[in-house]
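J.: Any chance you can model this:
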Amino acid sequence: MPRPPGGGIAITRKSQCWPLPAMPHGAPLVLLLLLPWGSHSTTGTDRPSSCPARREEPAEGRGQTCQRSCSQDRDCSGRRQCLCDGDCGLSCVTPNRSCPWPMRVENAETRLAQASRGFGALLEVTCRPGFKMSNGQGMALSRCQGDRKWSLTAQCEWDLTPSSFCSPPPETDNGFHSGASYRTGGEVRYKCKRGYRLEGSDTIQCQENQEWSGPAPTCRPRCAVPAQRSRVLYQGRKLWIQEIPEGQVQHGEIVTFYCRNQTQSQTQTCNYPAPSRCFDGLLPLPACYDEPTWLQYTLFPKRVVSEIRPC
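T.: Okay, here's the model as predicted:
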């Protein structure tokens, strides 16, 4: 690989080379792996081998917002290009957009690793004397992402000797945790996947006995309301299904449907409530519920069972 003046490292993009400054003394090898991210564009259909697969949930857990997924430049609109954006994988980003500067990081000094602060640029985060990152390092690199934010690094904390650490925090089904500090006093935060609701505390802390302060929270599935052409009673309001956000309710919530009283004559027909509870992604329809046809709903909306008089 050619070396530019000054001892830096050259990276190649579309047959051009840009010099990067020499890495600070003692920079861990794993940080060098960040360098190719954001430096590849593609006009074909193959993803560069150095670009990881798209992993939105870990990216969101670290505060990154993934841009539109792509496989080639023509998948993107305007001046956006299909570039490698870390855990977000190949994404449509505007390469000439820049991340904020100056950048303040608590208990640390920051310095641009190169003149640019645009997409893919690197920022050195160096802990002040008396502080270290939870992984024991004193310096890390942050990268300018496609969402115009610097990627997160581990926090700089008091360098306590001897240090006490907890084992990795407990996992939770259908969710994930963020926060790299497993040192005494460190905290991790849990989030659920889309469509799931978190039950329990969203944070746990590493205690002095090197045990976590509690178990991981639970992530329950939400329920889709399995009706289309009727009103239901939800959270004390009578709503058409389209008025319920995303047509979904939370685990444990009750939705009341309306059923027709079949024991009376047609001229005296009325409705009565039939409640159903959402449990782990399933909201069963009451056996008595009869979904109106499209013609009934369109031509005779006032005759829909939810709209007739109550019994």
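J.: Tell me the bridge partners for the residue nearest to Thr153 when sequence neighbours are not counted.
T.: Of all residues not flanking Thr153 in the chain, Ala140 sits nearest, at 4.1 Å (Cβ to Cβ, 6 or more residues apart in numbering). Just so you know, the C-beta spots here come from the backbone N, C-alpha and C atoms, and that holds for glycine as well. Beta bridges link Ala140 to Val125, judged by DSSP bridges.
J.: all helices for this protein, in order.
T.: 29-32, 56-61, 294-299 (DSSP state H).
J.: For the residue nearest to Thr153, give its distance to Phe131.
T.: 12 Å (Cβ to Cβ, to the nearest Å).
J.: which one of these two has more residues nearby?
T.: Each of Ala140 and Phe131 has its neighbours counted (other Cβ atoms under 10 Å); Ala140 has more, 24 against 16.
J.: Return the residues in contact with the residue most central in space within the chain.
T.: Nearest to the geometric centre of the chain sits Glu60, at 3.1 Å (Cα atoms, centre = their mean). Counting by Cβ atoms under 8 Å, 6 or more residues apart in numbering, Glu60 touches 66, 191.
J.: per-residue confidence for it?
T.: Model confidence at Glu60, given as pLDDT, is 88.
J.: next one: His40
T.: 49.
J.: swap in the one 5 residues further on?
T.: Looking at Thr45, its pLDDT stands at 42.
J.: now the one 3 residues further on
T.: In the predicted model, Pro48 carries a pLDDT score of 49.
J.: now do Pro284
T.: For Pro284, the model assigns a pLDDT of 93.
J.: which one is it nearest to, not counting chain neighbours?
T.: Closest to Pro284 by Cβ to Cβ, 6+ apart is Ser276, at 5.6 Å.
J.: so who does the one you found touch?
T.: Counting by Cβ under 8 Å, 6+ apart, Ser276 has contacts 254-257, 283-286.
J.: Count the residues that sit near Gly136.
T.: Other residues near Gly136 number 11, with proximity taken as other Cβ under 10 Å.
J.: For it, grab phi and psi.
T.: Gly136 adopts backbone torsions of phi 90, psi -10, taken as degrees, to the nearest 10.
J.: residues touching Lys88, list them.
T.: Just to correct that, residue 88 is Cys rather than Lys. Counting by Cβ under 8 Å, 6+ apart, Cys88 makes contact with 54-56, 59, 64, 66-67, 69, 145-146.
J.: mind redoing it with 6 Å?
T.: Taking Cβ atoms under 6 Å, 6 or more residues apart in numbering, we find Cys88 in contact with 59, 66.
J.: same deal with the one 5 residues further on?
T.: By Cβ under 6 Å, 6+ apart, Val93 lies in contact with 67, 83, 85, 119, 146.
J.: again, but for Val188
T.: 169, 177, 179.
J.: Would you mind listing the residues in contact with the residue nearest to it when sequence neighbours are not counted?
T.: Of all residues not flanking Val188 in the chain, Gly179 sits nearest, at 3.8 Å (Cβ to Cβ, 6+ apart). Neighbouring residues of Gly179 by Cβ under 6 Å, 6+ apart: 187-189.
J.: if I look at Thr126, how far off is Thr153?
T.: 10 Å.
J.: out of those two, which sits in the more crowded spot?
T.: Using other Cβ under 10 Å, the more surrounded residue of Thr126 and Thr153 is Thr153, with 24 against 17.
J.: still on that earlier bit, give me the distance between the residue nearest to Thr153 and Lys238.
T.: Distance from Ala140 to Lys238, by Cβ to Cβ: 55 Å.
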